[in-house]
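S.K.: build the 3D model from these lines:
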Amino acid sequence: MKEILQRLQQIPGVVGSMVMTEDGMVVCSALGPGLESESLAALSSGTRLSLQRAAVQSGDGKPHEIVLEGTEGNLVLLEIGEATLIVVTHAGLELDSGMLEIRSVARKLRGILEIQTS
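M.R.: Next comes the predicted model:
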(Lines give C-alpha, C1' and ligand atoms only; values in the text may rest on other atoms or scores of the structure.)
Protein backbone atom coordinates (compact mmCIF):
# COMPACT_ATOMS: atom_id res chain seq x y z
CA MET A 1 0.00 0.00 0.00
CA LYS A 2 2.85 2.38 0.86
CA GLU A 3 4.41 1.76 -2.55
CA ILE A 4 1.15 2.70 -4.30
CA LEU A 5 0.89 5.93 -2.29
CA GLN A 6 4.51 6.78 -3.09
CA ARG A 7 3.81 6.33 -6.82
CA LEU A 8 0.80 8.63 -6.48
CA GLN A 9 3.09 11.28 -5.02
CA GLN A 10 5.08 11.22 -8.28
CA ILE A 11 2.13 12.76 -10.16
CA PRO A 12 3.03 16.41 -10.77
CA GLY A 13 1.11 18.53 -8.29
CA VAL A 14 0.46 15.79 -5.71
CA VAL A 15 1.98 16.77 -2.36
CA GLY A 16 1.04 13.66 -0.42
CA SER A 17 -1.53 10.96 0.19
CA MET A 18 -2.73 8.65 2.89
CA VAL A 19 -5.35 6.06 3.74
CA MET A 20 -7.42 6.34 6.90
CA THR A 21 -10.17 4.25 8.46
CA GLU A 22 -13.72 5.56 8.75
CA ASP A 23 -12.99 6.67 12.31
CA GLY A 24 -9.90 8.66 11.30
CA MET A 25 -7.09 6.24 12.15
CA VAL A 26 -4.12 6.42 9.78
CA VAL A 27 -3.51 3.14 7.94
CA CYS A 28 -0.66 4.23 5.66
CA SER A 29 0.78 7.52 4.44
CA ALA A 30 3.23 9.05 1.99
CA LEU A 31 3.19 12.73 2.86
CA GLY A 32 5.41 15.55 1.68
CA PRO A 33 7.21 18.01 3.94
CA GLY A 34 5.00 20.02 6.25
CA LEU A 35 2.11 17.53 6.24
CA GLU A 36 1.35 15.70 9.46
CA SER A 37 -0.66 12.50 9.18
CA GLU A 38 -2.62 12.81 12.44
CA SER A 39 -3.67 16.42 11.74
CA LEU A 40 -4.62 15.61 8.16
CA ALA A 41 -6.62 12.57 9.30
CA ALA A 42 -8.50 14.64 11.89
CA LEU A 43 -9.33 17.36 9.36
CA SER A 44 -10.33 14.84 6.70
CA SER A 45 -12.43 12.72 9.03
CA GLY A 46 -14.36 15.72 10.34
CA THR A 47 -14.87 17.10 6.86
CA ARG A 48 -15.99 13.77 5.43
CA LEU A 49 -18.44 13.09 8.26
CA SER A 50 -19.96 16.60 8.14
CA LEU A 51 -20.40 16.58 4.36
CA GLN A 52 -21.67 13.01 4.39
CA ARG A 53 -24.30 13.89 7.02
CA ALA A 54 -25.40 17.00 5.08
CA ALA A 55 -25.61 15.09 1.79
CA VAL A 56 -27.67 12.28 3.29
CA GLN A 57 -30.02 14.74 5.04
CA SER A 58 -30.56 16.64 1.80
CA GLY A 59 -31.45 13.41 -0.01
CA ASP A 60 -28.29 13.24 -2.14
CA GLY A 61 -26.99 10.05 -0.54
CA LYS A 62 -23.51 9.28 0.72
CA PRO A 63 -20.79 10.98 -1.38
CA HIS A 64 -18.03 8.74 -2.74
CA GLU A 65 -15.74 11.65 -3.67
CA ILE A 66 -15.17 15.01 -2.03
CA VAL A 67 -12.93 17.65 -3.60
CA LEU A 68 -12.15 20.81 -1.66
CA GLU A 69 -10.42 23.41 -3.82
CA GLY A 70 -8.48 26.20 -2.14
CA THR A 71 -6.24 29.01 -3.28
CA GLU A 72 -3.12 27.15 -2.12
CA GLY A 73 -4.15 23.61 -2.98
CA ASN A 74 -6.77 20.90 -2.98
CA LEU A 75 -7.91 18.16 -0.63
CA VAL A 76 -9.39 15.10 -2.33
CA LEU A 77 -11.22 12.41 -0.35
CA LEU A 78 -12.26 9.17 -2.05
CA GLU A 79 -14.14 6.31 -0.44
CA ILE A 80 -12.25 3.04 -0.83
CA GLY A 81 -14.48 0.50 0.86
CA GLU A 82 -14.25 0.82 4.64
CA ALA A 83 -11.48 3.43 4.35
CA THR A 84 -10.78 6.78 2.72
CA LEU A 85 -7.98 7.80 0.36
CA ILE A 86 -6.84 11.36 1.04
CA VAL A 87 -4.79 13.22 -1.56
CA VAL A 88 -3.31 16.69 -1.04
CA THR A 89 -2.35 18.62 -4.17
CA HIS A 90 -0.96 21.99 -5.19
CA ALA A 91 -3.50 24.44 -6.57
CA GLY A 92 -1.90 24.03 -10.00
CA LEU A 93 -2.87 20.36 -10.39
CA GLU A 94 -5.16 19.93 -13.37
CA LEU A 95 -7.99 18.19 -11.55
CA ASP A 96 -9.53 16.67 -14.68
CA SER A 97 -6.47 14.64 -15.65
CA GLY A 98 -5.15 14.35 -12.11
CA MET A 99 -8.42 12.82 -10.92
CA LEU A 100 -8.17 10.05 -13.52
CA GLU A 101 -4.90 8.91 -11.99
CA ILE A 102 -6.12 9.40 -8.43
CA ARG A 103 -9.26 7.33 -9.14
CA SER A 104 -7.11 4.59 -10.65
CA VAL A 105 -5.04 4.44 -7.47
CA ALA A 106 -8.25 4.41 -5.40
CA ARG A 107 -9.47 1.33 -7.31
CA LYS A 108 -6.16 -0.48 -6.64
CA LEU A 109 -6.31 0.38 -2.95
CA ARG A 110 -9.96 -0.71 -2.74
CA GLY A 111 -8.93 -4.09 -4.16
CA ILE A 112 -6.13 -4.46 -1.63
CA LEU A 113 -8.44 -3.59 1.26
CA GLU A 114 -11.09 -6.06 0.03
CA ILE A 115 -8.50 -8.86 -0.05
CA GLN A 116 -7.24 -7.99 3.45
CA THR A 117 -10.73 -7.99 4.98
CA SER A 118 -11.82 -11.26 3.31
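S.K.: give the other helices and strands that the longest helix seen in the chain contacts.
M.R.: Determined from DSSP state H, the single longest helix within the chain is helix 95-117. Other helices and strands packing on helix 95-117, by 3 or more CB pairs under 8 Å, 6 or more residues apart in numbering; DSSP states H and E, are helix 2-8, strand 14-21, strand 65-69, strand 73-80, strand 83-90. The way it works is simple: take the backbone N, C-alpha and C, and place the C-beta from them, glycine included.
S.K.: give the buried residues for that helix.
M.R.: Gly98, Met99, Ile102, Val105, Ala106, Leu109, Arg110, Ile112, Leu113 (16 or more other CB atoms under 10 Å).
S.K.: about what we covered before: could you redo the helices and strands packed on helix 95-117 as TSV and give each row distance to Ala30?
M.R.: Compiled in TSV, these are given as follows (distance: least, CB to CB, whole Å):
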stretch	distance to Ala30
helix 2-8	4
strand 14-21	6
strand 65-69	20
strand 73-80	14
strand 83-90	10
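S.K.: any idea of the mean pLDDT for stretch 69-76?
M.R.: Throughout stretch 69-76, pLDDT has a mean value of 92.
S.K.: got a list of contacts for it?
M.R.: Residues from elsewhere that reach stretch 69-76, judged by CB atoms under 8 Å, 6 or more residues apart in numbering: 15, 43-44, 47, 65-68, 85-91, 93, 95, 99, 102.
S.K.: shaky segments in the chain?
M.R.: Across the chain, the ranges flagged by pLDDT under 70 are 117-118.
S.K.: any idea which residue sits dead centre in it?
M.R.: Ile86 (1.8 Å; CA atoms, centre = their mean).
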